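Sharing a sequence plus its predicted fold:
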Amino acid sequence: MWFRRDLRLADNPALLDACESGPDGVLALFVLDPALWEPAGVSRRWYLSRSLAALDASLRRRGGALAVVHGDPVREVVRAARAVDASRVHVAADYGPYGHGRDLAVERALAADGMELVRTGSPYAVAPGRVRTRSGAPYQVFTPFSRAWAEHGWRAPVDPPEAARWLSLPHTAAAPEPRLPDGLQLPEAGEESALRRWRSYLDADLVDYDAERDRPDLDSTSHMSVHLKWGEIHPRTMLADLAARPGTGPSAYRRELAFREFYADVLFHRPDSARGYLRPQLAALEYDEPGDRLRAWQEGRTGFPLVDAGMRQLRARGWMHNRVRMVVASFLVKDLHIEWQHGARHFMRWLVDGDLASNMHGWQWVAGSGTDPAPYVRVFNPVVQGRRYDPDGTYVRRWVSELAGLEGRCLHEPWTCPEGVPDGYPDPVVDHRSERAEALARYERVSG
DNA sequence: AGTTCTTTGAT
DNA sequence: TCAAAGAAC
C-alpha cells in the first residue's frame, strides 16, 4: 500500500493519476492535527468544516470518499490506513508550509507497517524549500527569491477527468460546524465557489489590481486568500490564467503570489519564526504590557477611524483588507508598543484566511524583525494612510457606525472636527506624534 | 509595503 | 505659495 499527501482536488495530478490508472481506488484523508491547529479561531473552524463538506460532495460525485481524522497525524493516518483495504490512499493534511517534519514522521510510521508515503503535492505553486541559491542556501531576500521562483516555474494545472473510477468507502463525518458569533459573516466555501470567484475577478477587477489594490474603500481585491489557504484552488491554476494576460494588473498580482511563496519558504527553513523573532536582536526591544489598550485595539475602540474600521471589519467578516492590516499592525506595535505576537494571535483567532507563514511574517515585517532589510523604521500614520487610501471615507463610514454621518476632512481625525468627536466614538487612545517618537527611541536603543 | 523635513523651481 | 523631488530619520 502506498500513500500520497496532497491537499488539492481541482488540479491535482496525483489524484488524477490515481483516478485514471487504477481499479484500486482512492481515499482522501483530511488530517486535523491539533498541534498545528492552534491558535485557530471559530472563523477558520467554521470555514474548514464547510469546505470539507464541499470537498466530500465533490468526491462523492466522482465516486470517491473523504475521511476526516482528528488527533495525532502519525497514529491516525496509520490507523486509517490499516482500516482501509485499498492499495492507494491519498492523505490531505493541513500541515502547512513548515509541516515537513510531520510528513517525515508519518512516512516513518507507514514504513514500519510496510507502506510507502509518496509526497507529490504542495499547497504552494513551488514547494517550500525547492528554490535555492546557486550554492544551495535558502534565499534571505524577497526580490532574488521571486526571480528564482519565476525561473523555476510551475507545472500546468490539469483538468479533472469526466469519469473517474473511485473506490467507494464509508464516509466519516467532517468536524462539527461551530456556531458563529452573531453578525459574523463568512464567504462561501468550496472549490466551486473558489473557481467562480476567481473567474469573475479575472473578468472584472484584475486589470485594475495594480492601481487599486491599496484601496479598502473600493474593495476590488480578489478575496482569494481564503481559497488558497484551504486548498480550494491551486496557485498553479491562477498562475496559468495570469500568464495568459499581459499587463500591470496580472504582474502585480503574480508578485503577491510570489510573496506567499517566499514567506512559506522562509517558514520552512525557520519554523521557529512562527513564534519567535526572525532577527534575534529585535527581541531586546522594550514593549508595554498588553492590557486595556490591547482590548481597545481588538474591539476597534482606539479613536483612530481607519484602525477601528479595520478591526471591526475583521470581527464582522473574518477578513481585513491588506492595506488596513498593515496600518492596524503598525498601530499596535508602534503606537501602543505592544509586542507583535499579541496582534498575530488575534489575527489568527479571527481571520478566516489566517495562514501561519503569511500572517507571522507580515507581523514580523511590521515589527521590523522580518526578512526586509529595512534600513529605516517604518511607522504608519493612521490619519495620512486614511486620507490617502480611503479618500472619501467610504470604508470608515461603512464599518464605524458612529462616524457614518461624518463628511469631509476631519473624518480621519475626528478630534479636529469643529463639533468635536461624534457621540459614542472614543477619543484617541494615544497621541500619534509622541508615540511615534517613543517607538523610534526604543528602536534606537536596540539598534545602537 | 513609511513619514517628515528641506530644498527646489514653477507659479 | 506650494507641489514635487530628495534626504534624513
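Received it, and whenever you're ready, just let me know what you need. Here the structure is a predicted model, which means the values were calculated and not measured.

Residue A:195 against residue A:233, yeah?
Yes: using Cβ atoms under 8 Å, residue A:195 is in contact with residue A:233, at 6.5 Å. From N, CA and C alone the C-beta is placed, and that goes for glycine too.

With neighbour numbers in mind, choose between the two.
More neighbours surround residue A:233 than the other of residue A:195 and residue A:233, with 23 against 15 (other Cβ atoms under 10 Å).

So which residues of the stretch 151-300 of chain A form helices?
Remark: helices assigned in the stretch 151-300 of chain A by DSSP state H, counting those that start in this stretch are A:191-204, A:209-212, A:225-229, A:235-243, A:248-269, A:292-298.

how about TSV for those, with distance to DNA strand C added?
Listed next are these as TSV, based on distance: least, Cβ to the nearest atom of the strand, whole Å:
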stretch	distance to DNA strand C
helix A:191-204	30
helix A:209-212	17
helix A:225-229	30
helix A:235-243	30
helix A:248-269	19
helix A:292-298	24
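
looking at the ones you listed, which is buried most?
helix A:225-229 (a mean of 24; mean count of other Cβ atoms under 10 Å).

looking just at contacts, which helices and strands does that one meet?
Under the contact definition 3 or more Cβ pairs under 8 Å, 6 or more residues apart in numbering; DSSP states H and E, helix A:225-229 sits against helix A:191-204.

number of nearby residues for residue A:46?
For residue A:46, using other Cβ under 10 Å, the count is 21.

So it is in contact with residue A:180, correct?
Yes: contact criterion Cβ under 8 Å: residue A:46 and residue A:180 qualify, at 5.7 Å.

joint contacts of the two?
residue A:186 (Cβ atoms under 8 Å, 6 or more residues apart in numbering).

Just want the most central residue of chain A.
The C-alpha lying nearest the average C-alpha coordinate of chain A belongs to residue A:355 (Cα atoms, centre = their mean; 3.2 Å).

List the residues that contact the residue lying closest to that residue once chain neighbours are set aside.
The shortest distance from residue A:355 to any non-neighbouring residue, by Cβ to Cβ, 6 or more residues apart in numbering, is to residue A:229 (5.0 Å). Contacts for residue A:229 (Cβ under 8 Å, 6+ apart) come out as A:353, A:354, A:355.

got the contact list for the second one?
By that I understand residue A:354. Residue A:354 is in contact with A:40, A:41, A:43, A:44, A:229, A:347, A:348, counting by Cβ under 8 Å, 6+ apart.

Where does it sit: helix, strand or coil?
Classification of residue A:354 by DSSP: H, G, I helix; E, B strand; the rest coil places it in coil.

Could you check the pLDDT of it?
We have a pLDDT of 91 for residue A:354.

Quick check: the gap between it and DNA strand C.
32 Å (Cβ to the nearest atom of the strand, to the nearest Å).

Near DNA strand B, which residues of the stretch 51-200 of chain A are found?
Residues of the stretch 51-200 of chain A found near DNA strand B (Cβ under 7 Å from any atom of the strand) are residue A:142.

still on that earlier bit, just send the helices of the stretch 151-300 of chain A back as a markdown table, with mean pLDDT too.
As requested, the helices of the stretch 151-300 of chain A are arranged in a markdown table below (pLDDT from 0 to 100):
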| stretch | mean pLDDT |
| --- | --- |
| helix A:191-204 | 95 |
| helix A:209-212 | 94 |
| helix A:225-229 | 92 |
| helix A:235-243 | 94 |
| helix A:248-269 | 94 |
| helix A:292-298 | 98 |
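
Those into a markdown table, with extra columns for distance to residue A:337?
Shown next, in a markdown table, are the helices of the stretch 151-300 of chain A (distance: least, Cβ to Cβ, whole Å):
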| stretch | distance to residue A:337 |
| --- | --- |
| helix A:191-204 | 38 |
| helix A:209-212 | 33 |
| helix A:225-229 | 29 |
| helix A:235-243 | 37 |
| helix A:248-269 | 25 |
| helix A:292-298 | 9 |
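
The ones you listed: which one's closest to residue A:130?
helix A:248-269 (8.1 Å; Cβ to Cβ).

Look up how far residue A:78 lies from whichever residue of the stretch 251-400 of chain A sits closest to DNA strand C.
Distance from DNA strand C to each residue of the stretch 251-400 of chain A (Cβ to the nearest atom of the strand) is smallest for residue A:376, at 3.6 Å. Applying Cβ to Cβ, to the nearest Å, the value for residue A:376 to residue A:78 is 52 Å.

if we can go back for a sec, out of the contacts of residue A:229, the closest to DNA strand B would be?
residue A:355 (13.0 Å).

Can you get me a residue count around residue A:116?
By other Cβ under 10 Å, 12 other residues sit near residue A:116.

Find the nearest non-adjacent residue to it, please.
Nearest to residue A:116 is residue A:2, by Cβ to Cβ, 6+ apart, at 4.1 Å.

Over to residue A:130?
Nearest non-adjacent residue to residue A:130, counting by Cβ to Cβ, 6+ apart: residue A:152, 6.7 Å away.

tell me, how many neighbours does the one you found end up with?
Neighbour tally, residue A:152, other Cβ under 10 Å: 13.

show me what contacts it?
For residue A:152, the contacting residues are A:126, A:130, A:131, by Cβ under 8 Å, 6+ apart.

And for residue A:409?
Going by Cβ under 8 Å, 6+ apart, residue A:409 touches residue A:387.
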